[in-house]
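Student: mind looking at a prediction? Sequence and model below.
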Amino acid sequence: MATSTLSIVTSTSYHPLQLPKLNKLSTSSSSRTQCHHPTIQSSTDDPTTTTSSSSLPKRRGFLQLSVGVLASSLVPLDANATRIEYYATVGEPLCDYSFAKSGLGYCDVSVGSGIQAPRGELINVHYTARFADGTVFDSSYKRGRPLTMRIGAGKVLPGLDQGILGGGGVPPMFVGGKRKLMIPSKLAYGPEPAGCFQGDCNIPGNATLLYDILFVGIYK
């Protein structure tokens with residue numbers, strides 16, 4: 001992988017499918033950026049199950065729940081997108097990955113019947129991105145529309161270029177196809193954290209990432 005594929009620019013246009021655009025991290029122990037995995041609230045934080053005699057934790061838990069519900073209501077989800085994302089993250093069958101020499105894991109849930117992606121062109125994809133433990137950290141379905149990206153031009157993660165275009169023992173995807181990808185860190189963001197803002201990072205260094213890709217079509 002060429003060094004330019006991990007070039008450091010700015011953080012304003014970071015996207016979880018695309019190359020990291022972030023500031024170089026300091027190695028000083030006093031200014032080292034802390035990175036956090038997305039967390040799922042434990043059921044013990046539910047105000048209905050707390051055993052504390054104080055009402056403050058109850059009110060705090062209820063307030064957190066209310067804020068979460070309000071935030072989720074602001075995300076433009078239609079019924080079809082919700083259904084598709086559910087199947088993308090929960091309802092898909094377990095996948096027996098094949099592995100390329102590069103270390104990329106891939107598995108076709110369904111093979112498309114359309115054309116394959118032209119290298120260097122814009123394509124539309126729906127995706128759900130997860131950490132190795134299954135935690136979802138991003139999904140195009142939450143935005144209610146597919147992502148348009150330029151494939152095979154060094155604009156997205158190397159593992160996505162190979163996983164969609166094929167090569168190195170990986171068959172290409174075709175329009176309408178759905179594929180699961182297991183992308184090792186060397187084909188993703190490498191040793192550096194990504195998506196960092198004010199000391200918090202969405203993606204830790206050396207992270208293996210799992211993507212569910214639906215090849216929607218060629219951008220027109």
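Tutor: Thanks, I have the structure now.
Student: counting neighbours, what do you get for the residue nearest to residue 172 when sequence neighbours are not counted?
Tutor: Spatial nearest neighbour of residue 172, chain neighbours left out: residue 166 (3.4 Å); criterion: Cβ to Cβ, 6 or more residues apart in numbering. For the C-beta atoms, the positions are set from N, CA and C on the backbone; glycine is no exception. Residues lying near residue 166 (other Cβ atoms under 10 Å) number 17.
Student: repeat for residue 148
Tutor: Neighbour tally, residue 148, other Cβ under 10 Å: 11.
Student: that one against residue 122, yeah?
Tutor: Yes - using Cβ atoms under 8 Å, residue 148 makes contact with residue 122 at a distance of 5.5 Å.
Student: from residue 177, how far off is the residue nearest to residue 172?
Tutor: For residue 166, the distance to residue 177 equals 11 Å [Cβ to Cβ, to the nearest Å].
Student: my read is residue 186 is in a helix, agree?
Tutor: Yes - judged by DSSP: H, G, I helix; E, B strand; the rest coil, residue 186 forms part of a helix.
Student: was I right about the residue nearest to residue 172 contacting residue 106?
Tutor: No - using Cβ under 8 Å as the test, residue 166 is too far from residue 106 to be in contact (9.2 Å).
Student: quick revisit: joint contacts of residue 148 and residue 122?
Tutor: Here residue 148 and residue 122 have residue 219 as joint contacts, going by Cβ atoms under 8 Å, 6 or more residues apart in numbering.
Student: number of residues surrounding residue 154?
Tutor: 14.
Student: any idea how far residue 147 is from it?
Tutor: From residue 154 to residue 147 the distance is 17 Å (Cβ to Cβ).
Student: do a quick rundown of the helices in this structure.
Tutor: Applying DSSP state H to the chain gives helices spanning 55-73, 79-86, 158-165.
Student: pick out the shakiest of these, pLDDT-wise.
Tutor: Between those, the lowest average pLDDT goes to helix 55-73, which shows a mean of 39.
Student: nearest residue to residue 210 other than its sequence neighbours?
Tutor: Residue 210's closest residue in space is residue 130 (Cβ to Cβ, 6+ apart), at 4.4 Å.
Student: any idea how many residues pack against the one you found?
Tutor: 18.
Student: beta partners for it?
Tutor: residue 136, residue 210 (DSSP bridges).
Student: from residue 111, how far off is it?
Tutor: As for residue 130, its distance to residue 111 is 22 Å (criterion: Cβ to Cβ).
Student: check residue 145 too.
Tutor: Noted for residue 145: a distance of 24 Å to residue 111, by Cβ to Cβ.
Student: below-threshold pLDDT in this protein: ranges please.
Tutor: 1-93 (pLDDT under 70).
Student: tell me which stretches of it form strands.
Tutor: 98-99, 105-110, 122-131, 136-139, 147-150, 178-183, 194-197, 200-203, 209-218 (DSSP state E).
Student: out of those, which gets nearest to residue 170?
Tutor: Evaluated over these, closeness to residue 170 peaks at strand 105-110, with 5.6 Å, by Cβ to Cβ.
Student: by contact count, what packs against that closest one?
Tutor: Judged by 3 or more Cβ pairs under 8 Å, 6 or more residues apart in numbering; DSSP states H and E, the packing partners of strand 105-110 are strand 98-99, strand 178-183.
Student: next, format the strands of the chain as JSON lines and append distance to residue 161.
Tutor: Listed next are the strands of the chain as JSON lines, based on distance: least, Cβ to Cβ, whole Å:
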{"stretch": "strand 98-99", "distance to residue 161": "17"}
{"stretch": "strand 105-110", "distance to residue 161": "13"}
{"stretch": "strand 122-131", "distance to residue 161": "11"}
{"stretch": "strand 136-139", "distance to residue 161": "18"}
{"stretch": "strand 147-150", "distance to residue 161": "10"}
{"stretch": "strand 178-183", "distance to residue 161": "11"}
{"stretch": "strand 194-197", "distance to residue 161": "17"}
{"stretch": "strand 200-203", "distance to residue 161": "18"}
{"stretch": "strand 209-218", "distance to residue 161": "12"}
